[in-house]
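*Asks:* got a predicted structure here, sequence first:
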Amino acid sequence: MKSLKNWIFGTLAHNRVNSVLGFSVMALLLAAIYLTRDATNLDEYLLIDEESPPQCDLFSGKWVFDHKFAPSYNDQQCSFMTDDYACQKFGRNESIYQHWRWQPHDCDLSRFNATTLLEKFRGKRITFVGDSLNKNQWTSLLCLIESSIPPSERFVQWNGSLATFKTSQYDGVSIQFYWEPLLVESNCDDPAEHHVLERVINVHKIEKHAMHWKDADILIFDSFMWWLSPKMTVLEEECSFMIDDYSCHKYGRKDSKYQHWKWQPHDCDLPRFNGTTLLEKLRGKRVIFVGDSVNKNQWISLLCLLETSVPASERLKQWHGSLMTFRSSVYDVSIDFYWEPMLVESNCDDPIDHHVMERVIKVQRIESHAIHWKDADMLIFNSFMWWLSPTTTVLWESSKDSLDIYKEVGRARRYEMALKTWTDWMNLHINRTKTELFFMSLSPYHQVGRDWGKGENTNCYNETEPIQDEGFWGSGSERPMMEVAENAVQQLKNHGLKVQYVNITELSDKRREGHPSIYRKHWKPPTEEELANPILYSDCVHWCLPGVPDVWNHLLYAYILNYF
């Protein structure tokens with residue numbers, strides 16, 4: 001059962017379930033986990049004509065009009081009827097629709113006999129779980145069996161989401177309906193007040209519902225119509241690793257379309273993300289993301305993608321200085337993040353207190369960082385945003401006792417000097433037979449709205465759609481800096497290291513709407529001043545989760561599946 005649950009979340013939840021079908025199937029499978037009885041042959045409950053051919057497909061057939069076929073009740077006689085389904089009571093004059101019966105191709109359905117059915121149900125608890133269509137069917141069944149039970153021996157009562165039909169006959173059989181339109185928990189769970197502008201679904205939670213029906217003898221589920229809403233949000237807070245920097249809905253973002261875009265290569269398809277498969281690939285390994293807060297953004301995304309594939313009791317997260325560690329005892333794997341925004345040593349190396357007036361970089365020094373990650377099995381590097389500061393001092397040790405200070409060094413040149421130190425150190429110290437290397441290309445920023453045709457003083461704030469122009473290249477994707485990184489990675493390849501340059505820049509450059517803007521907490525919640533001045537205070541650098549970094553991890557997953 002545990003492996004089934006892991007498979008559900010691995011194959012559906014962590015593809016971010018970009019379709020209605022994905023959500024619906026996920027919910028149905030999750031509900032199935034809570035069935036406590038053994039599977040039973042369907043024929044035990046279906047009243048099939050004894051002379052019917054074996055293994056008749058009851059669902060393959062046609063509707064047949066039959067004057068002799070008539071309902072055993074009408075909508076004004078059944079005491080369980082509700083106005084939702086009482087068509088003739090509210091003016092429908094014709095009744096032809098009541099005289100069509102279902103005819104399977106290869107067999108006949110036996111005539112419905114309420115007493116026979118109640119004998120089958122004797123002493124049992126039957127529960128319909130679902131939406132108003134399942135309630136529709138439940139009401140139909142009560143009307144079909146009503147005449148077989150004296151009025152004094154039957155009743156219906158409502159208790160919250162649970163409606164119960166009970167009879168003292170037939171050993172107290174009960175036939176219930178439980179309101180659970182999405183099968184999992186949502187803001188539509190109130191049986192009366194469930195009309196909301198935007199549906200919010202907690203796709204990993206079902207327990208508060210399941211406790212009401214898990215002990216039933218027979219469960220009849222349905223879930224479909226409620227998944228068709230175009231306005232539907234998946235709760236990102238349900239990831240226990242989520243932090244407020246990327247939790248955009250928590251801090252007021254109302255739209256959710258940005259969560260539902262996937263990346264489609266022109267000439268192939270990305271494999272569906274499967275958390276269990278990835279963890280098996282990484283079994284026994286140590287994986288480390290090394291870089292800045294954008295790399296941390298990607299690391300958090302990966303932990304959220306993997307979370308449901310690892311039982312809560314078998315995972316932990318620790319923070320020790322610049323190193324944050326996620327560990328799973330099930331797969332004997334650790335997936336870490338190490339704070340190293342410049343890759344080389346600097347006065348920004350403190351993982352908390354790194355906001356300085358002027359950045360000072362020791363472009364020849366890397367050892368104090370590298371000792372923490374050099375023995376990893378897989379390293380994922382990034383470094384870009386911190387090099388854009390206009391106030392940066394470069395320290396260069398020209399001799400043993402001489403320290404030169406350079407202030408007037410262009411940022412591309414500063415970046416090149418640091419990556420030269422990084423590549424030299426990697427070439428000398430990384431185990432070529434053990435360690436796999438990835439370098440994530442620069443993550444673009446969207447501070448300048450005129451890049452995509454907006455006016456002055458605009459940025460990513462209030463953007464809700466990606467840029468559709470495939471040739472778009474904004475000012476936040478700096479080609480000179482990309483070329484420096486590409487050259488550094490090529491040097492490592494030339495020296496025989498296994499390194500992959502993951503180009504996330506062009507695809508991310510289209511996603512102007514994927515940033516938090518003002519909808520985030522960075523150390524403290526946004527102030528009224530910040531909320532009122534999005535042009536000045538919007539974060540157009542980091543990314544909302546779920547969102548764009550999930551796609552980066554899908555790319556990483558594809559590389560790991562295909563090449564390692």
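*Replies:* Good, I have the coordinates.

*Asks:* hmm, residue 282 is touching residue 378, no?
*Replies:* Yes: counting by C-beta atoms under 8 Å, residue 378 is a contact partner of residue 282 at 7.4 Å. No exception for glycine: its C-beta is placed from N, CA and C like everyone else's.

*Asks:* can you pull out the helices in the stretch 301-450 of the chain?
*Replies:* For the stretch 301-450 of the chain, the helices defined by DSSP state H, counting those that start in this stretch cover 367-370, 411-429.

*Asks:* residue 499: which of the ones you listed is closest?
*Replies:* Of all the helices of the stretch 301-450 of the chain, helix 411-429 sits nearest to residue 499, with 8.4 Å by C-beta to C-beta.

*Asks:* point out where this structure drops to low pLDDT.
*Replies:* For the chain, the stretches with pLDDT under 70 are 1-54, 231-237, 398-403, 523-524, 564.

*Asks:* domain ranges for it?
*Replies:* 2-47+112-234, 238-563 (automatic domain parsing).

*Asks:* for these, give me TSV that also has mean neighbour count.
*Replies:* Shown next, in TSV, are the domains of the chain (neighbours: other C-beta atoms under 10 Å):
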stretch	mean neighbour count
domain 2-47+112-234	17
domain 238-563	18
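
*Asks:* who wins for proximity to residue 71 among those domains?
*Replies:* domain 2-47+112-234 (8.3 Å).

*Asks:* just to revisit the earlier point, the domains of the chain: which one's closest to residue 68?
*Replies:* Across those, residue 68 has its closest neighbour in domain 2-47+112-234 (14.1 Å, C-beta to C-beta).

*Asks:* ok, back up a step: as a markdown table, the helices of the stretch 301-450 of the chain with distance to residue 329 would be great.
*Replies:* As requested, these are exported to a markdown table (distance: least, C-beta to C-beta, whole Å):
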| stretch | distance to residue 329 |
| --- | --- |
| helix 367-370 | 27 |
| helix 411-429 | 29 |
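
*Asks:* once you drop chain neighbours, what's closest to residue 124?
*Replies:* In space, and not counting its chain neighbours, residue 124 is closest to residue 217: 4.0 Å by C-beta to C-beta, 6 or more residues apart in numbering.

*Asks:* the one you found contacts residue 126, correct?
*Replies:* Yes: taking contacts as C-beta under 8 Å, residue 217 lies within contact range of residue 126: 6.7 Å.

*Asks:* between those two, what contacts are shared?
*Replies:* Here residue 217 and residue 126 share no contacting residue, scored by C-beta atoms under 8 Å, 6 or more residues apart in numbering.

*Asks:* which residues touch the residue lying closest to residue 386 once chain neighbours are set aside?
*Replies:* In space, and not counting its chain neighbours, residue 386 is closest to residue 341: 4.2 Å by C-beta to C-beta, 6+ apart. Going by C-beta under 8 Å, 6+ apart, residue 341 touches 291-293, 348-349, 354, 383, 385-386.

*Asks:* change it to 6 Å
*Replies:* With contact taken as C-beta atoms under 6 Å, 6 or more residues apart in numbering, residue 341 is in contact with 292, 348, 386.

*Asks:* before we move on, what about residue 179?
*Replies:* Applying C-beta under 6 Å, 6+ apart to residue 179 gives the contacts 161, 191.

*Asks:* next, it: phi, psi?
*Replies:* Main-chain torsions, residue 179, degrees, to the nearest 10: phi -70, psi 110.

*Asks:* and it, bridged to which residues?
*Replies:* When bridges are called by DSSP bridges, residue 179 pairs up with residue 130.

*Asks:* gap between it and residue 216?
*Replies:* According to C-beta to C-beta, to the nearest Å, residue 179 and residue 216 sit 15 Å apart.

*Asks:* what segments of the stretch 101-250 of the chain are helices?
*Replies:* Here the stretch 101-250 of the chain has its helices, by DSSP H, counting those that start in this stretch, at 114-120, 132-145, 207-210.

*Asks:* go on, the stretch 451-564 of the chain?
*Replies:* Going by DSSP H, counting those that start in this stretch, the stretch 451-564 of the chain shows helices at 479-494, 505-509, 528-532, 534-537, 548-563.

*Asks:* residue 55 is nearest to which of these?
*Replies:* With C-beta to C-beta as the criterion, residue 55 lies closest to helix 548-563 of the helices of the stretch 451-564 of the chain, at 39.6 Å.

*Asks:* any idea how far the closest one is from the chain center?
*Replies:* 15 Å (C-alpha atoms, centre = their mean, to the nearest Å).

*Asks:* just checking, what packs against that helix?
*Replies:* With contacts taken as 3 or more C-beta pairs under 6 Å, 6 or more residues apart in numbering; DSSP states H and E, helix 548-563 sits against helix 293-306.

*Asks:* got the contact list for the helix it packs on?
*Replies:* Residues outside helix 293-306 that contact it (C-beta under 6 Å, 6+ apart) are 14, 239, 241, 275, 289, 326, 337, 382, 443, 542-543, 545, 549-550, 552-553.

*Asks:* what about these, which are in strands?
*Replies:* Using DSSP state E, 289, 326, 337 are the members of those that sit in strands.

*Asks:* between the residues you listed, which is nearest residue 158?
*Replies:* Nearest to residue 158 among the ones in strands among the contacts of helix 293-306: residue 326, at 45.3 Å, using C-beta to C-beta.

*Asks:* what is that closest one paired to in the beta sheet?
*Replies:* Beta-bridge partners of residue 326, counted by DSSP bridges, are residue 317, residue 335.

*Asks:* from residue 291, how far off is it?
*Replies:* For residue 326 relative to residue 291 (C-beta to C-beta), the value is 16 Å.

*Asks:* again, but for residue 244
*Replies:* Applying C-beta to C-beta, the value for residue 244 to residue 291 is 20 Å.

*Asks:* repeat that for residue 431.
*Replies:* For residue 431, the distance to residue 291 - C-beta to C-beta - is 21 Å.

*Asks:* rewinding a little: which among the helices of the stretch 301-450 of the chain is found nearest to residue 307?
*Replies:* Of all the helices of the stretch 301-450 of the chain, helix 367-370 sits nearest to residue 307, with 27.7 Å by C-beta to C-beta.

*Asks:* can you tell me what sits against that closest one?
*Replies:* Under C-beta under 6 Å, 6+ apart, the answer for helix 367-370 is 340, 345.

*Asks:* residue 287: what secondary structure?
*Replies:* strand (DSSP: H, G, I helix; E, B strand; the rest coil).

*Asks:* tell me what it is bridged to.
*Replies:* Counting by DSSP bridges, residue 287 forms beta bridges with residue 335, residue 378.

*Asks:* give me the neighbour count for residue 70.
*Replies:* Around residue 70 there are 12 other residues, counting by other C-beta atoms under 10 Å.

*Asks:* gap between the closest residue to it other than its chain neighbours and residue 105?
*Replies:* Among residues not flanking residue 70 along the chain, residue 99 sits closest, at 6.3 Å (C-beta to C-beta, 6+ apart). The gap separating residue 99 from residue 105 is 20 Å, by C-beta to C-beta.

*Asks:* neighbour count for the two, which is higher?
*Replies:* Comparing residue 99 with residue 105 by other C-beta under 10 Å, the one with more neighbours is residue 99, at 14 against 11.

*Asks:* so the more buried one makes contact with residue 68?
*Replies:* No: using C-beta atoms under 6 Å, residue 99 makes no contact with residue 68, being 8.4 Å away.

*Asks:* so is residue 89 in a helix, a strand, or just coil?
*Replies:* Classification of residue 89 by three-state DSSP places it in helix.
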